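Peer 1: sequence first, predicted model second:
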Amino acid sequence: MGAAPSLRVWGAWTWLLLSLLARNTTSEVPDEEYQAWAAEVFQPSDQDAIERGRALSCVLCNLLTKTVLDTHRLNKKKPLHERFDQDQTQEVLIDFCSDLAKPIARQMDVIEKDVLMVCNRVVKENVGDMMDAVSLGEEVEDFCGEQKLCDLSFRGMEKMRKMMLELGMKGKKDQEL
């Protein structure tokens, strides 16, 4: 009976160590497809493109983090055997990237393939950390900033979206006059 607590402690430490190892092997591995693509198209002297890429990463990271949060909320309502695991969530997010690429490219005046590649990279390199943060009940509003992908939180993105909508509405009114 005296050995049971030490087995539980050992089991808890083993689980913690394995989860940390799994986290380090899945979420921090660079996206090789992105790296190969970037090696061909990246131009360090094009500061405008670099700034657009940062803005794009910010927008996409916040959208994807919100999607992971929504998926987690849906998962909690499902029986355990029907919940999305990390691989399934990643697959859904990659599909989401495909759906987002064209409208975001048009809205931000960037190349559609750029949007897709950056989006896929954000998913592949961060989905594990996103899911861990959501599962552990951490505040994910600042996830993208903590990952150095963005200076804006969810709240900041929402303010920006509202300002853009207001400017768009003002622009339409001005055109009508």
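Peer 2: Received the coordinates, thanks.

Peer 1: ramachandran angles for Asp142?
Peer 2: phi -110, psi 10 (degrees, to the nearest 10).

Peer 1: return the set of buried residues in the helix ranked longest in the chain.
Peer 2: The residue-count maximum for a helix in the chain (DSSP state H) belongs to helix 47-77. By neighbour count on 16 or more other C-beta atoms under 10 Å, the buried set for helix 47-77 is 49, 52-53, 55-69, 71-72, 75. Bear in mind the C-beta positions are built from the backbone N, C-alpha and C, glycine included.

Peer 1: from the contact counts, what lies against that helix?
Peer 2: helix 86-108, helix 112-135, helix 143-146, helix 154-176 (3 or more C-beta pairs under 8 Å, 6 or more residues apart in numbering; DSSP states H and E).

Peer 1: would you map out the domains in this structure?
Peer 2: 1-30, 31-176 (automatic domain parsing).

Peer 1: quick check: mean pLDDT of the first one?
Peer 2: Averaged over domain 1-30, pLDDT sits at 43.

Peer 1: cool, and stretch 140-148?
Peer 2: 86.

Peer 1: can you give me the end-to-end span of it?
Peer 2: 14 Å (C-alpha to C-alpha, to the nearest Å).

Peer 1: from now on call the first residue 419
Peer 2: All right, first residue 419 from here; so that's stretch 558-566.

Peer 1: buried residues in it?
Peer 2: Val558, Glu559, Asp560, Phe561, Cys562, Gly563, Gln565.

Peer 1: equivalent analysis for stretch 518-527, please.
Peer 2: Leu518, Ala519, Ile522, Ala523.

Peer 1: restrict that stretch to CA atoms and write it as CSV.
Peer 2: Provided in CSV are the C-alpha atoms of stretch 518-527 (Å, rounded to 0.1, in the frame of the first residue of the first chain):
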residue,chain,number,x,y,z
LEU,A,518,-9.2,31.8,-46.3
ALA,A,519,-6.5,32.2,-48.9
LYS,A,520,-8.5,33.9,-51.7
PRO,A,521,-10.5,36.4,-49.7
ILE,A,522,-7.6,37.4,-47.5
ALA,A,523,-5.3,37.8,-50.5
ARG,A,524,-7.9,40.0,-52.1
GLN,A,525,-8.6,42.0,-48.9
MET,A,526,-4.9,42.5,-48.0
ASP,A,527,-3.7,42.9,-51.6
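
Peer 1: residues contacting that stretch, please?
Peer 2: 470, 473-474, 477-478, 481, 528-534, 537 (C-beta atoms under 8 Å, 6 or more residues apart in numbering).

Peer 1: and the average pLDDT for that stretch is what?
Peer 2: Rounded mean pLDDT across stretch 518-527 is 89.

Peer 1: do stretch 452-462 as well
Peer 2: 86.

Peer 1: please identify the buried residues of that stretch?
Peer 2: So stretch 452-462, judged by 16+ other C-beta under 10 Å, has buried residues Tyr452, Trp455.

Peer 1: no more questions from me, cheers.
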